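>>> Everything below, folded, please.
(2 chains)
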Amino acid sequence: MCSYIVEKAALFGSAKGPKGWMHIDTANVYYDHPYHAPLDHALGIDFICEAEGGRDRVAVEISAESARELVKKILAALATGDAVHAAIAAE
Amino acid sequence: MNFPYQAMLAETVTFKGHNGDLGEAYFARPLGPGPFAGVVIIHHMPGWDEWIKEVPRKLAYHGFLGIAPHLYFREGPGDPDDIGARVRAAGGVPDEQVIGDVAGAMEFVRALPYANGKVAVMGFCSGGRHTYLVACRLPNVDAAIDCWGGNVIVDDPALLNDKRPRAPIELTENLRCPLFGIFGNDDPNPSPDHVNRTEALLKKLGKTYEFHRYDGAGHGFFANNRPSYRAEQATDGWKKVIAFLHKHIGGQR
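Sure thing, here's the model as predicted:
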């Protein structure tokens, strides 16, 4: 079914799109029919800069399994990074 | 060789939508004098994509004037997928605007010199819901085809808002044209229970309708670019769609 539900995550950083690097302040996250991926439903993330009008985006459409795997890997990468930095700081 | 000559023209056109706003639509028509009947095709939430533009061409192949208005044109210019993303982030488009845009696309078709004056509306997924809504709201729809429209029935009032203030099912009494519905029995929205409840109301109100339900199919089983595609059910479904259109809006085969 078509869903109108969008989760908005406020964030700070940059993303590289068709016009090069841009500031981003928001990720719109949804689970619905994708535009391009050959899936019935996909987890979509649009990285945008609402402060600049939000017209340009960096978009991904991935399967639900891929999204769960990505979440795990993001958390794992952050945990590893934190541990390494903590060890360096302790030296 | 005794094959009839077949040809069509498919192109982007400008139509006058809600509030007189000018938008673009994808339009396909058989070449020939007609008269041809028209079908307005309503896209799903993600937007004016490649698949939805195949539908006017398929209908033109079968002798209809098919027009698929870009319901998000006001958010342009830009790629339809980017525009769709912006519309999604804004919570979709208002029902009143969609009704006005569909009315405009219907008028575009009716005004053509090779039109027979009859126009049907057909929509998929959220466009199926829009189809049900339009068929209940506009006085001059000649036939309607709801392909797995979700949220025709709304059990949770929290899902209603300024853009979608009423569940289409509440307007069923005003339905003035024959309604064709096509559904997969594995679809969670509309579920078989939703379809049963819709059919019960149509029957109670004495409306003209034709529902077809398919086993082994879920949501969006016409979409041949997705895993949900079901060749056997889709082939049979399209055959029934074309027969319904010829029966109710005529036109040339």
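>>> tell me which strands and helices the helix-or-strand element of chain B with minimal mean pLDDT is in contact with?
The least trusted helix or strand in chain B, going by mean pLDDT, DSSP states H and E, turns out to be helix B:80-89, with a mean of 95. The elements that helix B:80-89 packs onto, with contact taken as 3 or more Cβ pairs under 8 Å, 6 or more residues apart in numbering or on different chains; DSSP states H and E, are strand A:20-32, strand A:42-48, strand A:57-62. Any C-beta I mention is one placed from the backbone N, CA and C, and that applies to glycine too.
>>> Which other helices and strands does the second one contact?
Right, strand A:42-48. In terms of contacts (3+ Cβ pairs under 8 Å, 6+ apart), strand A:42-48 is packed against strand A:20-32, strand A:57-62, helix A:64-90, helix B:80-89.
>>> now the biggest helix by length in chain B, how far from the centre of its chain.
For chain B, the helix reaching the highest residue count under DSSP state H is reported as helix B:231-249. How far helix B:231-249 lies from its chain's middle: 14 Å, per Cα atoms, centre = their mean, to the nearest Å.
>>> how about low-confidence regions in the chain?
You didn't say which chain, so I picked chain A. A:1 (pLDDT under 70).
>>> Chain B was what I was after
Residue ranges of chain B with pLDDT under 70: B:1, B:253.
>>> Okay, strands next: where are they in it?
Here chain B has its strands, by DSSP state E, at B:8-16, B:22-30, B:36-42, B:64-69, B:115-124, B:143-147, B:179-184, B:209-214.
>>> From the chain's centroid, how far away is the fourth one?
Mean C-alpha position of strand B:64-69 versus that of the full chain (Cα atoms, centre = their mean) differs by 10 Å.
>>> So what touches that strand?
Strand B:64-69 is touched from outside by B:13, B:15, B:17, B:23-30, B:36-43, B:48, B:52-53, B:55-60, B:101-102, B:104-105, B:108-109, B:112, B:114-115, B:245, B:249, B:251, with contacts defined as Cβ atoms under 8 Å, 6 or more residues apart in numbering or on different chains.
>>> List the neighbouring strands of it plus their orientation.
Taking DSSP bridges as the criterion, strand B:64-69 forms sheet pairs with strand B:22-30 (antiparallel), strand B:36-42 (parallel).
>>> give the contact list for the residue nearest the centre of chain A.
The residue lying closest to the centre of chain A (Cα atoms, centre = their mean) is residue A:45, at 5.1 Å. If you count contacts by Cβ under 8 Å, 6+ apart, residue A:45 has them with A:27-29, A:59-60.
>>> for it, which residues make a bridge with it?
Beta-bridge partners recorded for residue A:45 (DSSP bridges): residue A:29, residue A:60.
>>> separation between it and residue B:157?
Distance of residue A:45 to residue B:157, computed by Cβ to Cβ, to the nearest Å: 30 Å.
>>> Kindly report the same for residue B:221.
30 Å.
>>> between these two, which one's more packed in?
Neighbours per residue (other Cβ atoms under 10 Å in any protein chain shown) separate residue B:221 from residue B:157, with residue B:221 holding more: 26 against 8.
>>> Chain A contacts on chain B?
Proximity of chain B to chain A (Cβ under 8 Å from any Cβ of the partner chain) is limited to residues B:44-47, B:49, B:78, B:81-82, B:84-86, B:88-89, B:91-92, B:125-126, B:150-151, B:187-189, B:218-220, B:225-228.
>>> Any of those residues buried? List them.
The neighbour-count criterion (16 or more other Cβ atoms under 10 Å in any protein chain shown) marks B:44-47, B:49, B:81-82, B:84-86, B:88-89, B:92, B:125-126, B:150-151, B:187, B:189, B:218-220, B:226, B:228 among those as buried.
>>> how about a markdown table for the helices and strands packed on helix B:80-89, with distance to residue A:71 added?
Output for the helices and strands packed on helix B:80-89, formatted as a markdown table (distance: least, Cβ to Cβ, whole Å):
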| stretch | distance to residue A:71 |
| --- | --- |
| strand A:20-32 | 11 |
| strand A:42-48 | 10 |
| strand A:57-62 | 11 |
